[in-house]
Structure formats: structure tokens, C-alpha cells
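A.B. asks: Coordinates only, no sequence provided:
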Ligand SMILES: Cc1cc2nc3c(=O)[nH]c(=O)nc-3n(C[C@H](O)[C@H](O)[C@H](O)COP(=O)(O)OP(=O)(O)OC[C@H]3O[C@@H](n4cnc5c(N)ncnc54)[C@H](O)[C@@H]3O)c2cc1C
């Protein structure tokens, strides 16, 4: 174990930095990049795509992905170094998280060669943006209770049903979809996993307004939408296993700070230096310093945990259920940090006026997003259940729904 | 010992609650929140007819002359309905005028407040903390400087402005040299403005009470704590109701111990907080030597409890809790701003520490 840059790593860092210097401008002190938050206007998305393509051309998009898909074939530590360096520059928000962090790894694990060749390169270049069509009105935590039906018709599947909370559906090209292909077997066994073209007939997205004021997520309605069988990932009936791969990757990427936006502990420290009361900068207030120090330490713990996850990934392992720990801790801590950041600003903390709220009101946005991050990708309670049952091997709660055929489950058969 | 609400107070809570239930539905709250003024004049007028606007105004000036505990009961109801009405500033101004106003000032302003007419916004932010980067200096009956976060500013006919030397001035809204810049906060049901004062003539000083600014702030803290209690209580009620309806895994989610415990935790936080608040209200009227301290304690504590409850209530709702459409968000935001108003928890606890002699001022 060694945390200093080795000679090769230092060389890689220098190379990354010089490319960034030539292609982007550095952040001013105290400036932060906007979070994913409200980033759905067409200009922002175009800017994000342009940046991603530029990186791809120079081999900086997806450091760890195989060269066959346009990646760099680099190591996880190189990916960390790249992230550290890129984070010092003014860059558009990353709207590719669901594709690169979740759909991509899932396709690598379960997709055919043809499927990988068709989707991964364009995903990597940001040419096609991806969304995740898992949750339904009656199937959130109980994802396997989903009711959207896919029925075989010749070479196609015909899909009917409704998804909800689909982030980015209104600007995405592709969606990863879990649908019920067999209601006559127990709920987990009757699911299959598809890739759906969001522009095809019978797929309609309607935006939902969230408490932060933006409308990034959607209801998506399927009415006799057709998906070619060639877009099915893995075998019919194996959808649950594929979905778990996606979810593990989702939790790992939220836990390691990949999704969710908002400032980090460094920004919090900068804030506490900048804001003063009659006795000086707030960072000199022992009570405040102590709280920030605690977040600092926890952030480090999470950061090193994410390095471990990355190392595991580089050895070809799927992130395990212990990845849930990172997401559980990070989401709650970010909520606490955003709350402290607002408080440090006194009443200005409540304002959305960037002229009064420091760091371009990024903390206000983080504050409003925080409750969502404790829900997206598995709620705190579900993650605790997973940790207790899968990691600690405690006996599961008694369940009535698991073994019955889906159509015989009392609520399952209604839809 | 007799520590609880009286029959009259329970009736007051019920009557006001019923009225607000009809007058200010969540849909109406959203409508008002989206408007420029952010002030529900109709509901406020109706509440005034029930005596609520003048709850702390002495009877001889048109009010019903009740005490702080009654005001707290009312404030909880306003918070419970997320009412976009100026009850906070009305209470603060009533206390300030009743204790420190001249006969003429009382005659002019108290009946207006009690009727629910445009009242007085309150600008005391600079006195709570220098951090806001503001300050008001008085020279020859004129005010100079900047007051951030004047409370209930959009519908006010005038302002009570605390100066740096801790005096309270009355300023009319149309005074020359006064500019009022509305601010956008997370909570659109309570409106604030930044006041710029360039040689603004003072209509009058409230000089009849030593330490009036502190009294004003104490009153505001108690009322605001009650508002947060009401808002949290509502978020809690919504969460418990949802936990009893929503099904996942073929069970009502409230049957999962994880969810049950979240709900029970909220209850366990709320009840002691309510008792603390009632005592603060009682002390405000009856135990003057303790009033400031317990007002600070109540404000700081309700801020913490409120934050925990609104967050937890959102969590119980799952994805729907993160939407504009879910009523819980109204209370999430109400508490989010009230938490820092009249002092962040840390500032208010610091003040309590000084009063208790734990640290030097
Ligand atoms: C910001 C955001 C973005 C999202 N983006 C996407 C997306 O792109 N694609 C997508 O498919 N989904 C997305 N989601 C949906 C998300 O995955 C679900 O909201 C989440 O899984 C919870 O489901 P639910 O909303 O139905 O809540 P519910 O499952 O109804 O949960 C309600 C409450 O019950 C609790 N609960 C439920 N079951 C149990 C149990 N067994 N034990 C203990 N407690 C339990 C939960 O913890 C929660 O507190 C997003 C959500 C958010 C907030």
C-alpha cells in the first residue's frame, strides 16, 4: 500500500494536468463546479457532451474502460488522479453518471459482444445519454414487485406500464429497463432486462417537479412500445440478477461522491474561512471547527473506501453489498454538511440569491437535494437491511411475497 | 403543580385550526408562495376576526390581550398550516409597542395590527449577529445603513428597526431614503427584504422600556419556535399517515420496524420540545429573569428537533417526499429557513451560554 504518486503516477498526473490546462480554465479560489442538480437545460447538456467528446478524443473519458470501447485501459488509481485534476478546472456537470457508472458496467458484465460494441463507445463519448427505468409507483424499495409488462411478439417485446422517478428521461437516448416477462413465477424470477430507445413510439416522459424547484426526473409511460429482442440483456428471466449489478454500481458511485453534486468538505472549510463573525473567521470558532473536523475525517474514510472499491473493480470484482455502507454514510453526511454550510451563512443561508449566498448558492442546492440522495438508489432503511442481512448475515425479516407466483401476490396482481 | 393548556387555550387551538384548515389549504399555500407578495391577506383578515392578529395587543387598543402561551398555541397552528401570514412580526411588534411604545404610537399601530391591516415589519438581524454584514446608525433622528432580512416585509406599512446602539425606531414604508429589496429564500411562505437606509427620517423611537431589543427578540424566538413545532408536527402527521397507507413488499411500510422507529423517534423528539416551549412562553410572561434564557433554549432546540423531524418525514415518504407535489416539502422549507431566523442554533446557544454565565459575553 502506498499513497504517494509513483513515478508513473506522477507522470500521468502531469500529463493530465497539462491537457486540462490546454483545454479548460482552472477554477478560481472559492469557485465550485455546478452540481448535477438543475442541469437539464439544452445548453448545459450540449456543453457537457462537447466536453465529454473532447476528453474521449484525447483518451481521458473513462480512464478504466477497455480501449476496445474507447477507454484508456488505465488503472483505478489513474482514474482517481484524473478526477482530482479535473476537479480543479471549470467543467460542465457530468450528466453521464447513469450511463457510465451504472449501465456501462452492467453491459460489460452481462451484455453480448454485439451489444457492447453498439452502445459502449457512444455512451463513453457522451453522444448518447442514458437513464434508468427501474422504479414504479408501486415498486420502489420493492423493486421486484414491478408491474410493467413485456410480452413477446415475434422478434419484439411489447411493453406496457409506467415507470417513475426516471432521472433525465426527458433528454436521454437510451434507458435500461426492468420489466415483467412472466407473472406465473415468483416475483424475482419473472423479470427481464432491456435497453429501450427513448425516442421510440409508445414511450412518453413527463417531468416531475422536485422540492429543489427543478424537474430532473420523470414519469415514463409505455403504451405498446416495441423493443427488439436484440436489446434484451442476458436471458429471459434473469433480469433481477442484472438489475442487482446496476444497483451495486449505483450505490458505489453515489457513495464515492460520483452522483449528487454539492460541495465537499474542502468547500465547507473555505466557507468557514470566508464567513466571519465579530471574533473572526468562523473556522476559528472551536465548536464549528470540531464539527468540520469530524466531516473531514469521515470524508477521508469514505474516500479511502472508494479507493478500495475501485481497486476491487480493477481486479474484475463487482462491488459487493458493502458498497451500500458508503452510500448510507455519504448521503446522510452530505445532508448534515449542507445544513451546517447554511447555518454558517446565518440567515443568508436561507437565500437563493447568489449575490448573498456564497459559492453561488451551491450549498442551498445541495441542501435541497440532500433528502433525495438518501432515497435514490436505495433508501437508508433498505441499505441498512442489506448491510444487516447480506453483510452481517442476520436472519431476514419474515416475508410472504417471495415464493408466491407474482400473480398470486395480493397487491402484485392488481396492476 | 399545574402545567398544561387551559380549556380556553385548547379551544383557541381548535377554533383557529378549524379556520385555517378551510382557509389555507396546501394548494392555496402554493398559490400564495408563487405570488409576488407572498402574503395571504384574506386568511390574515379572517384570523384577525378571531382575535389572532391582536392576541398580544391589550384590549384597550383593540386586541384580546392574552399572554405568550396563547400566542404560542396560535403560532403552532399557523406553522401547522404553513400559513403565509405575518403572525411573527405582529407578535413582535405588539410586544414592542405594548412595552416600549408611547401612547400615540400605541394608538396608531396596535389597533391596526389587531385588525389585520398592514402592520410593521421587523428588522433586528444586525442585533442578532454582526455576521450579516449589516448595521444601522442613528444620527439626528435619521437612520443610515443596511438591515438584512427584515421580517414580513412585503405586506408591511412600516418597520421596527433596531439600531446598533440597541434602540428601536419606527420607520414608515414610504419614508424618503428607504429602499426595500425583496429577497428570495428557500421558504416562500415567509418574506424578507433587505432595507437600505440613506438618511431615513425616524417616525418615532420606542423608548419606554429598557432592553427593548432583547425583549423583542425573545418574543420572536418563542413565537418562531412554536411555528417550527407546528410545521414539524404537520410533517410528522403526514409521515405517520403515509406510513399507514403505503405498501411495499405486500405490507404497509409502517409495519416495518425501521419505519415504525423513525415515526416513534419523531414523536419522542416532539413531545419534550413542546413542553420546553410551553415553559418558555410561561416564563416570558411570568418569570422575567429566566425569559431570555429559555427563549433561546426553545428556539435552538426546536430548530434541531424541527430539522430532524422534517428530514425524517421526507425519508418516510420515499421518492414522493422529494417532490414539489408532496405537502411535506412545504414544512421542510418552512423549518429550513426558520432554523436560522433570529439566530442560528449555534448563535442562540452561544447567547444562552452567556446568560447562564458559562462564558463571558
Ligand atoms: C433524486 C432521485 C432520483 C431518482 N432517480 C431514479 C432513476 O433515475 N431511476 C429509477 O428507476 N429510480 C430513481 N429514483 C427512485 C428511487 O430508487 C426510489 O425512490 C427508491 O428506491 C424508494 O422507493 P419509493 O420512492 O417507492 O419509496 P418506498 O419504497 O415507498 O419507501 C417509503 C419508505 O418506506 C421505507 N421502506 C420500504 N420498504 C422497507 C423495508 N422493507 N424495510 C424498511 N423500510 C422500508 C423506505 O425506507 C422509505 O422510508 C430516484 C429517486 C430520487 C429521490
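C.D. replies: Noted; the coordinates are in hand. Keep in mind that this is a model prediction, so the values were computed, not measured.
A.B. asks: What about the residue of chain B found nearest the ligand, how many residues nearby?
C.D. replies: Residue of chain B nearest the ligand, by C-beta to the nearest ligand atom: residue B:318 (2.2 Å). Where you see a C-beta, it was placed from the backbone N, CA and C, and this is true even at glycine. By other C-beta atoms under 10 Å in any protein chain shown, 22 other residues sit near residue B:318.
A.B. asks: surely residue B:111 meets residue B:61?
C.D. replies: Yes. Using C-beta atoms under 8 Å, residue B:111 makes contact with residue B:61 at a distance of 5.5 Å.
A.B. asks: Now do the residue of chain B closest to the ligand against chain A, distance only.
C.D. replies: With distances taken as C-beta to the nearest C-beta, to the nearest Å, residue B:318 is found 5 Å from chain A.
A.B. asks: and that residue, what pLDDT?
C.D. replies: Looking at residue B:318, its pLDDT reads 97.
A.B. asks: And the one 4 residues further on, by the same measure?
C.D. replies: Residue-level confidence at residue B:322 comes out at 94, pLDDT.
A.B. asks: Also residue A:257?
C.D. replies: With respect to pLDDT, residue A:257 has a value of 54.
A.B. asks: got it, and residue A:40?
C.D. replies: 76.
A.B. asks: Leaving out the residues flanking it, which one is nearest to it?
C.D. replies: residue A:216 (5.5 Å; C-beta to C-beta, 6 or more residues apart in numbering or on different chains).
A.B. asks: thought that neighbour was touching residue A:165?
C.D. replies: No. Assessed by C-beta under 8 Å, residue A:216 is found out of contact with residue A:165, at 9.8 Å.
A.B. asks: Which one's more surrounded, the two?
C.D. replies: Counted by other C-beta under 10 Å, residue A:216 and residue A:165 do not tie: residue A:165 has more neighbours, with 27 against 24.
A.B. asks: Tell me which residues touch residue A:371, please.
C.D. replies: With contact taken as C-beta atoms under 8 Å, 6 or more residues apart in numbering or on different chains, residue A:371 is in contact with A:211, A:335, B:311, B:314, B:315, B:321, B:322, B:332.
A.B. asks: Show me where chain A has its strands.
C.D. replies: Here chain A has its strands, by DSSP state E, at A:130-133, A:149-153, A:156-167, A:174-180, A:191-197, A:203-208, A:217-228, A:232-233, A:276-277, A:280-281.
A.B. asks: Domain-wise, how is the chain divided?
C.D. replies: No chain in the question, so chain A it is. Residue ranges for the domains of chain A, per automatic domain parsing: A:7-95, A:130-242, A:258-378.
A.B. asks: Can you look at chain B instead?
C.D. replies: Taken from automatic domain parsing, chain B resolves into B:7-115, B:120-206, B:212-355.
A.B. asks: Ok, which of the ones you listed comes nearest residue A:170?
C.D. replies: Nearest of those to residue A:170, taken as C-beta to C-beta: domain B:212-355 at 15.5 Å.
A.B. asks: Give the bridge partners for residue B:183, please.
C.D. replies: For residue B:183, the beta-bridge assignment (DSSP bridges) gives partners residue B:192.
A.B. asks: That one and residue A:353 touch, don't they?
C.D. replies: Yes. In this structure, residue B:183 is within contact of residue A:353 by C-beta under 8 Å, at 6.0 Å.
A.B. asks: what's around residue A:307, how many residues?
C.D. replies: Neighbours of residue A:307 (other C-beta under 10 Å): 16.
A.B. asks: now residue B:246
C.D. replies: 19.
A.B. asks: Show me which residues of the stretch 201-350 of chain A sit near the ligand.
C.D. replies: With the criterion set to C-beta under 6 Å from any ligand atom, the stretch 201-350 of chain A comes near the ligand through residue A:217.
A.B. asks: which regions of the stretch 201-350 of chain A sit below the pLDDT cut-off?
C.D. replies: Applying pLDDT under 70 to the stretch 201-350 of chain A picks out residues A:254-263, A:313-316, A:318-322.
A.B. asks: and the closest residue to the ligand within it, what does it touch?
C.D. replies: Going by C-beta to the nearest ligand atom, the ligand is nearest to residue A:217 of the stretch 201-350 of chain A, at 5.3 Å. By C-beta under 8 Å, 6+ apart, the contact set of residue A:217 is A:165, A:166, A:167, A:168, A:169, A:207, A:208, A:210.
A.B. asks: My read is that the second one contacts residue A:132, right?
C.D. replies: Yep, that's residue A:166 we're talking about. Yes. With contact defined as C-beta under 8 Å, residue A:166 and residue A:132 form a contacting pair (6.7 Å).
A.B. asks: Now for the two: what residues contact both?
C.D. replies: Residues touching both residue A:166 and residue A:132 (C-beta under 8 Å, 6+ apart): residue A:175.
A.B. asks: Of residue B:111 and residue B:61, which one has the most company?
C.D. replies: Between residue B:111 and residue B:61, counted using other C-beta under 10 Å, residue B:61 has the larger neighbour count: 21 against 16.
A.B. asks: Look up phi and psi at residue B:194.
C.D. replies: Dihedral angles of residue B:194 (phi, psi; degrees, to the nearest 10) stand at phi -90, psi 130.
A.B. asks: Kindly give the local confidence score, pLDDT, for it.
C.D. replies: 93.
A.B. asks: Now do it against residue A:152, distance only.
C.D. replies: 64 Å (C-beta to C-beta, to the nearest Å).
A.B. asks: more crowded one of the two?
C.D. replies: Per other C-beta under 10 Å, whichever of residue B:194 and residue A:152 has more neighbours is residue B:194, with 22 against 13.
A.B. asks: Which residues of the stretch 201-350 of chain A lie near chain B?
C.D. replies: A:208-211, A:213, A:275-278, A:287-288, A:335, A:339, A:342-343, A:346-350 (C-beta under 8 Å from any C-beta of the partner chain).
A.B. asks: make it 7 Å
C.D. replies: A:208-211, A:275, A:277-278, A:287, A:335, A:339, A:342-343, A:346-350 (C-beta under 7 Å from any C-beta of the partner chain).
A.B. asks: from what I can see residue B:124 touches residue B:213, true?
C.D. replies: Yes. Counting by C-beta atoms under 7 Å, residue B:124 does reach residue B:213; the two are 6.4 Å apart.
A.B. asks: Next, show the common contact partners of these two.
C.D. replies: By C-beta atoms under 7 Å, 6 or more residues apart in numbering or on different chains, residue B:124 and residue B:213 have these common neighbours: residue B:162.
A.B. asks: Which one of those two is surrounded by more residues?
C.D. replies: Each of residue B:124 and residue B:213 has its neighbours counted (other C-beta under 10 Å); residue B:124 has more, 24 against 21.
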